[in-house]
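> okay, structure incoming, though there's no sequence with it:
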């Protein structure tokens, strides 16, 4: 069996990116959209760590730590906003959030 | 990396504005439960003092410019310019919030703390010389602004604006990060100057397609943040739904900071691959101007109209970026300063007029303002004339410098189309003037209360600034010219 | 600081001080603004007496750096063309204030303040010798006029005001592009330095560039003139504007366009100007005839006068692009004449309107029997406007036609048609309004001229006669300036000149003749 190379990691990461983008663009439920964004962030993390290990440079791993912390903060704020919306409108579906349009 | 990791006192001084803002923001959060309900205005005063102190610290830091924290931050003229700019926007936003928060019964400490935290992020963004720091600053600023957009918890429009801003904003950040990861992978560094060195060295330069993909991904992310077309879709909804003082803040401050990052990344790290990204910026600039101006023509809601106008103005700044020159950078800096003033001023007038619950936001609600409140109307007129680009206002010189830079870089068609765009734009700004001066006063203007002290300050200061930039532009421009080389 | 600077600053200072007059004292506003504008006029007459009319050099020059980067100079000066246009602006502003004395009674402070701001912009436009400064004054004059039409105009005022603003704006942004292009090439906005560079060959444009620049400037000016087919904003603006607005618009603002053609298009882009001249002249002649024909069938008096302006300004453009000394002299003289006679026409139409509250010709008739002095004044103005000898328009039209005849006789034939038609529509208008049955509404609401109206109209009547009988008072500074311009518009032009076959010897002879 061939060893797992950086290329494999990049392929996985690209696949996660595509799945994430598809999720953001097509899903109705805002919770799923949030999860898709997390997926893209994880794709970035995989990328960074693969590069970091490939070039024996620790910077990428530090970066990944920051991104994990940021993802947590974002999720907290995002869910907070979502709960506020749910209280007022009783929905978590993106296409029912339509007060503002021209 | 240096063996001694402890920052020197000079480095701490260079980081002092951010420290002040963060400490004062936290202080307000702690103070909030202690004095809540007793003297709500105190938070505003504290935050204004904090921002003034931070401006002082920024200017003081510039007396000894240089890098800080192993080159992660770079205090140069460019950073100082934008630090002062975003802090000034913060002060004006807080000034225009006093009356608003009182009216909406929402005067809590957290509003001011969030503004201070958002400013910490913006100051980090404009100072950062390194992709990780840029990312951290961007996120500190964005997360605080997401919450601010939804600050009025019981307002459905604000909920919706916050949600849209949050979803599309974090989506854009994810794109930006993916681009950053690729850049890190192919260059092995996140420092902008080091990236530039790798990309410009023909022997070590990585494959063009990979660089192109990375630059394109980062372009998408940043274009989202500055509401450049075709990634502008979130802006009208968010600007319309958010509380008006917050709209004033986020359409000027975070946007200016995002442009600062845009300029710094593209004019330092990616400058050597400029011919590759220039068409991207060219198309985005033209689309932003055209979509923004033409969509604004048909708007009835004043906030939405100003939102589209802000997309168009982002287009003008992108023209300056497309010029790919130092005078282009200087022109963009000047324009952002002029734009920040007129935009905050215009939104402050909207906040003043909208009334409790922000019900009066239609264009017709401005009817007869020129009769009922001549001073307010005259100040808004100054901002609108500056938006149009009538001489003796800052907006005129901003446009002038941008198109001068574009012509110097032989972007003749972009210049001609941009100038024609600004003639189209005159139409919808004139609509506001028409309603204000040429219609009889309606229900909204008859009910409008007199200008409060904070609001008059938030209107008169930018009006003075608009005239100063329009009559004596060279002082600021010379500073921008000097700073446009990013302390390289 | 010389006299010219004071003339420019007076209205601006007056405007700023007006802002501080309390809103409850409209009479103070009227008296104050009138005083300021009269002071400005008296000072500007001092310019004429101090002017050395034999010299084509710039006089009353003030030149200092206003903005260091890019280098923008506050460079104002006068030559023979600017001189009279500046005085025209300062003369008509007090008159505009006088005729609005009673008819404007809401937002008095804003109205009279804006008139002073307008005067500041207009005087500045004619005195600026720095391209950038010129552009600034050009736009500054736009804003007050927009408000004058939009706030104090008639029923469709908003439509007219917005149309006026957008037309001018669309034209002027292209001019701005042209100005920036020139700056990027030369590093200066200074008009005299640019001409020096062109003359000495240090600056030259390729044929394509020159054509682009010429068209960028030309379009801005042609909209303002307005040249057929860009004239459609003019009737709307005139009809909807208050009388003072129509007066300033017709008498001075339209001259900004023709002045720009003379000042910038001809000397800076002589090759392209000559290349385009035949086409422009065709448009001018179409404008002359079209304007006259449309004026003939107008039921609305202001619209009639507005279309007559399209026709008259066609003459000015024809004179300019004939590239002859006489044509240019006539064009400049005609700018002043049109300012005075059409201004007077708008004023007397305004007098009729304040009495009868109608602009429709059919609402009038037999005014001559009720208000004989008003009718006399209107008759003199009408005769001046159709070019009766001994009145001012005759001199200008004669010079233009003679100049164009030297260039191409066919143009003269067509243009003369316009003179004949102008007699038709003006005299017919006079007949319908002043003779015939006197309707009830006219009989009881038509007092004769009062003192204030006399004061407003008499200076213009005197000038009509003066300029018609003694053109040598006014022409010498004009001729020396136009001769110089013509000289400049020949430099750099290769031998593809075909619009002006007149040999130089004859030009010189004419120059002395015109003097």
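Done, it's in. These numbers were taken from a predicted model, which means no experiment stands behind them.
> looking at chain A, which helix is longest?
helix A:59-89 (DSSP state H).
> what's it packed up against?
Helices and strands touching helix A:59-89, by 3 or more Cβ pairs under 8 Å, 6 or more residues apart in numbering or on different chains; DSSP states H and E, are helix A:30-55, helix B:131-149, helix B:156-187. Every C-beta, even on glycine, is put in place using the N, C-alpha and C of the backbone.
> and residue 28, what is it in contact with?
If you meant another chain, say so; for now it's chain A. Residue A:28 makes contacts with A:93, A:94, A:95, as judged by Cβ atoms under 8 Å, 6 or more residues apart in numbering or on different chains.
> to clarify, I was referring to chain B.
B:43, B:46, B:47, B:109, B:110, B:112, B:113, B:116.
> how much space between it and residue C:112?
According to Cβ to Cβ, to the nearest Å, residue B:28 stands 51 Å off from residue C:112.
> what of residue C:195?
Going from residue C:195 to residue C:112 by Cβ to Cβ gives 39 Å.
> ok, these two, which is more surrounded?
residue C:112 (29 against 16; other Cβ atoms under 10 Å in any protein chain shown).
> I'd guessed the more buried one sits against residue C:29; true?
Yes. Counting by Cβ atoms under 8 Å, residue C:112 touches residue C:29, with 5.2 Å between them.
> quick check: neighbours shared by the two?
The contact lists of residue C:112 and residue C:29 share residue C:18, where a contact means Cβ under 8 Å, 6+ apart.
> so where is the stretch 301-450 of chain C shaky, pLDDT-wise?
Of all residues in the stretch 301-450 of chain C, none has pLDDT under 70.
> what residues does it have near chain A?
Proximity of the stretch 301-450 of chain C to chain A (Cβ under 8 Å from any Cβ of the partner chain) involves no residue at all.
> in the stretch 301-450 of chain C, what residue lies closest to chain B?
Proximity of the stretch 301-450 of chain C to chain B (Cβ to the nearest Cβ) peaks at residue C:302, 19.6 Å away.
> just the element for that residue, please.
helix C:301-320 (DSSP states H and E).
> elements contacting that helix?
Right, helix C:301-320 is packed against helix C:233-240, helix C:254-260, helix C:270-296, helix C:325-356, helix C:392-407, helix C:409-434 by 3+ Cβ pairs under 8 Å, 6+ apart.
> out of those helices, nearest to residue C:480?
For residue C:480, the closest of the helices and strands packed on helix C:301-320 is helix C:325-356, at 10.2 Å, according to Cβ to Cβ.
> got the angle between the closest one and helix C:233-240?
If you take axes from the mean of the first three to the mean of the last three Cα atoms, to 10 degrees, helix C:325-356 sits at 30 degrees to helix C:233-240.
> can you name the next helix or strand after helix C:325-356?
helix C:367-370.
> circling back: looking at the helices and strands packed on helix C:301-320, which is closest to residue B:218?
It is, among these and with distance given as Cβ to Cβ, helix C:270-296, at 45.2 Å.
> hang on, the earlier thing: can you redo the helices and strands packed on helix A:59-89 as CSV with distance to residue B:14, mean neighbour count and mean pLDDT?
Output for the helices and strands packed on helix A:59-89, formatted as CSV (distance: least, Cβ to Cβ, whole Å; neighbours: other Cβ atoms under 10 Å in any protein chain shown; pLDDT from 0 to 100):
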stretch, distance to residue B:14, mean neighbour count, mean pLDDT
helix A:30-55, 28, 21, 90
helix B:131-149, 13, 25, 92
helix B:156-187, 24, 25, 89
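> with distance to residue B:56 added, can I get those in a markdown table?
Shown next, in a markdown table, are the helices and strands packed on helix A:59-89 (distance: least, Cβ to Cβ, whole Å):
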| stretch | distance to residue B:56 |
| --- | --- |
| helix A:30-55 | 38 |
| helix B:131-149 | 21 |
| helix B:156-187 | 31 |
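> and of these, who's closest to residue C:310?
helix B:156-187 (51.2 Å).
> is any part of the closest one close to chain A?
Yes. Judged by Cβ under 8 Å from any Cβ, helix B:156-187 comes into contact with chain A at B:156-157, B:159-164, B:166-167, B:170-171, B:174-175, B:177-178, B:180-182, B:184-185.
> near residue 15, how many other residues are there?
All of this refers to chain A. Residue A:15, neighbours per other Cβ under 10 Å, totals 11.
> nope, chain C
Per other Cβ under 10 Å, the neighbour tally for residue C:15 reads 21.
> doesn't it lie inside a helix?
Yes. Assessed with DSSP: H, G, I helix; E, B strand; the rest coil, residue C:15 lies in a helix.
> does the closest residue in space to it that isn't next to it in sequence lie in a helix or a strand, and which?
The shortest distance from residue C:15 to any non-neighbouring residue, by Cβ to Cβ, 6 or more residues apart in numbering or on different chains, is to residue C:116 (4.2 Å). Assigned by DSSP H and E, residue C:116 belongs to helix C:108-127.
> give the rounded mean pLDDT of the following helix or strand past that helix.
Counting by DSSP H and E, the element after helix C:108-127 in chain order, helix or strand, is helix C:131-152. The average pLDDT within helix C:131-152 is 88.
> in the next helix or strand after helix C:131-152, what counts as buried?
Sequence order places helix C:157-186 as the next helix or strand after helix C:131-152, per DSSP H and E. Of all the residues in helix C:157-186, those buried under the rule 16 or more other Cβ atoms under 10 Å in any protein chain shown are C:157-183, C:185-186.
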